[in-house]
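Participant: fold the following for me, if possible:
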Amino acid sequence: MENRQSLQNLLDTLHKKVEIARLGGGTKRIDAQHKKGKLTARERIAYLIDTDSQFLEIGTLVADGMYAEEGGCPSAGVVTGIGYVAGRQCMIVANDATVKAGAWFPIAAKKNLRAQEIAMENHLPTIYLVDSAGVFLPMQAEVFADKEHFGRIFRNNAQMSAMGIVQISAIMGSCVAGGAYLPIMSDEAFIVEGTGSVYLAGSYLVRSSIGEVVDSETLGGATMHSEISGVTDNKFPDDQSCLDAIRSHMDKIGAPQQAGFNRKEAKNPEKDPQEIYNILPADRLKPYDMKDILRCIVDASELEEYKPDYGKTLICTYARVDGWAVGIVANQRTIVKSGKGEVQLGGVIYGEAADKAARFIMNCNQKKIPLIFFQDVTGFMVGSRAEQSGIIKDGAKMVNAVANSVVPKFTFIVGNSYGAGNYAMCGKAYDPRLIFAWPTAQMAVMSGATAANTLLQIETAKHKAKGETITPEAQKELLDEITNRYNDELSPYYAAARLWVDGIIDPVETRQIISEGIKAANQAPIQKPFNVGVIQV
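Facilitator: Got it, this is the predicted structure:
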């Protein structure tokens, strides 16, 4: 009951944060949208996707706690995710005009690029619902000119088109300056009469630049672009009819190719998924059996373990999730004994465990089986014995296998995600197709307590070098300050705000996300052969 209540408290916090984020700029601005005859971004998505289908949102909590001086930027002012339109999985990107008129903050560019990355990796048709005032000018230096800034979006438009990925845009509000290229670089561009407009420079800028006095409708409205310039392909009287047209177009596109991942009839887990609430300990330092967690997620609760008696701090197992064949790599949090009789700490990756995982990952690539990683890792084993046994070499083998893996990878951060353990277990830097955190997750170079004590020792040494002494009271005050700051950065919300993860989820949603992710990945045949390069054995 203690474990369940602890997780329920975390879920209550999550639900409150999500509810606030989904309000965007708030009820007054939503009402203002409606008075203009416009739907909000989320209303547009809800209208567009198939009835009773699910929308897998990416980045709901992006920008959480950021840009306070600018009044905040809920969900980075753009809603992104995978939804079904006319039965076809699509990536949907919708500007939220209730948040700073849909202006592009630095994190908004990063979120849009993440949506395009997912679409490109999985060959997902992409629908842009455009309603944006363009770059947020006070922060233009952080969003304009670098490789991963605003311009990368249009580069991706071009590359996606060359890859044969269908892109359809609907101009449903403002579409200004450089942002005007996004819909027009799509395969088809629709526009809504009266509210949609697209131009390189608005009427005020035109007047100040060349002295011409012109209204927005004449400059770049639906009638002008559909009848005179030919920039847009068709115009529609309102949001709903425009979205209907998109659905009609999606109903006619050809079937996707298949990667050929193995799927059979799905079976529900025999172990109730809500048992996860009871299994995860309220005290994150306490051990638990990760296999119990996995049995709440996989079909029929069946695990087919690889080398179960070797390298026990990592679980490597074949299973099925919603019928899809998967290979799972998960940190084992129980304290176990190695084959040599040594006690091994849960959550730590030892040399033999890394060696086992590397071989298992290679096998999954050989068999074309998608990989799922469940992280609760404090890092690799340290100390003289570990170093002498070649822990760095074994860890490098595992990292090499993860980095060069060509089958789709999906990552879920259950608890700790510290140091090189994050990398070896397919952290964001290793290109998981999707990466989500549970509310119990923490991400950092090391735990808060370890980091705080390490930093305190460094500060104390600095004072000693100057001939100064720190009183015990001052030491405690400094330790508390470091600990509080570090703990804030450990939070999954800190990670979600910066798109280190695609979102924070209720653990019982994990199974559905894996299934949707593999279904998306199955539309992108593997083009690259698996090759790990040079590995020291």
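Participant: C-alpha from now on. contacts and neighbour counts both.
Facilitator: Fine.
Participant: Pro529: neighbour count?
Facilitator: 12 (other Cα atoms under 10 Å).
Participant: can you offset everything so residue one is 25?
Facilitator: Okay, using 25 as the starting number, the last item reads as Pro553.
Participant: quick one: it and Val431 touch, right?
Facilitator: No. The criterion here is Cα atoms under 8 Å, and Pro553 misses it with Val431 at 9.9 Å.
Participant: residue contacts, the nearest residue to Val159 once chain neighbours are set aside?
Facilitator: Excluding its sequence neighbours, the residue lying closest to Val159 (Cα to Cα, 6 or more residues apart in numbering) is Trp128, at 4.5 Å. By Cα atoms under 8 Å, 6 or more residues apart in numbering, Trp128 lies in contact with 100-101, 156-160, 167.
Participant: scan those and report the most crowded one.
Facilitator: Taking other Cα under 10 Å as the neighbour criterion, Ala100 ranks highest of those with 34 neighbours.
Participant: part of a helix, is it?
Facilitator: Yes. With DSSP: H, G, I helix; E, B strand; the rest coil as the criterion, Ala100 is assigned to a helix.
Participant: isn't it right up against Ile82?
Facilitator: No. At 11.4 Å, Ala100 does not count as touching Ile82 under the criterion of Cα under 8 Å.
Participant: from Phe384, how far off is Ala139?
Facilitator: Separation of Ala139 from Phe384 (Cα to Cα, to the nearest Å): 30 Å.
Participant: same question, Lys59
Facilitator: Going from Lys59 to Phe384 by Cα to Cα gives 58 Å.
Participant: and if you look at Thr242?
Facilitator: With Cα to Cα as the criterion, Thr242 and Phe384 are 62 Å apart.
Participant: of those two, which one has the most company?
Facilitator: With neighbours defined as other Cα under 10 Å, Thr242 and Phe384 compare such that Phe384 has more, 23 against 13.
Participant: list the contacts for the residue lying closest to the more buried one once chain neighbours are set aside?
Facilitator: Closest residue to Phe384 apart from its sequence neighbours, by Cα to Cα, 6+ apart: Cys340 at 6.8 Å. Residues near Cys340 by Cα under 8 Å, 6+ apart: 329-332, 351-354, 380-381, 384.
Participant: if we use 10 Å, what do you get?
Facilitator: Contact analysis of Cys340 by Cα atoms under 10 Å, 6 or more residues apart in numbering lists 327-332, 351-356, 377, 380-385, 396-397.
Participant: again with Ser272
Facilitator: Shown in contact with Ser272 (Cα under 10 Å, 6+ apart): 109-110, 266.
Participant: from these, pick the one nearest Glu172.
Facilitator: Val109 (29.1 Å; Cα to Cα).
Participant: any idea how many residues pack against that closest one?
Facilitator: 25.
Participant: and stretch 295-305, how far from the chain's centre?
Facilitator: 24 Å (Cα atoms, centre = their mean, to the nearest Å).
Participant: span of that stretch from start to end?
Facilitator: Span of stretch 295-305 from end to end, Cα to Cα: 18 Å.
Participant: list the buried residues for stretch 543-558?
Facilitator: Under the neighbour-count criterion of 16 or more other Cα atoms under 10 Å, stretch 543-558 has 543-550 buried.
Participant: with pLDDT, secondary structure and distance to Glu172 added, can I get these in CSV?
Facilitator: Below are the buried residues of stretch 543-558 laid out as CSV (pLDDT from 0 to 100; DSSP: H, G, I helix; E, B strand; the rest coil; distance: Cα to Cα, whole Å):
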residue, pLDDT, secondary structure, distance to Glu172
Lys543, 98, helix, 28
Ala544, 98, helix, 24
Ala545, 98, helix, 24
Asn546, 98, coil, 27
Gln547, 96, coil, 26
Ala548, 96, coil, 24
Pro549, 95, coil, 26
Ile550, 94, coil, 25
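Participant: export the residues you listed as CSV, with columns for distance to Val322.
Facilitator: Below are the buried residues of stretch 543-558 laid out as CSV (distance: Cα to Cα, whole Å):
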residue, distance to Val322
Lys543, 16
Ala544, 19
Ala545, 19
Asn546, 19
Gln547, 22
Ala548, 24
Pro549, 25
Ile550, 25
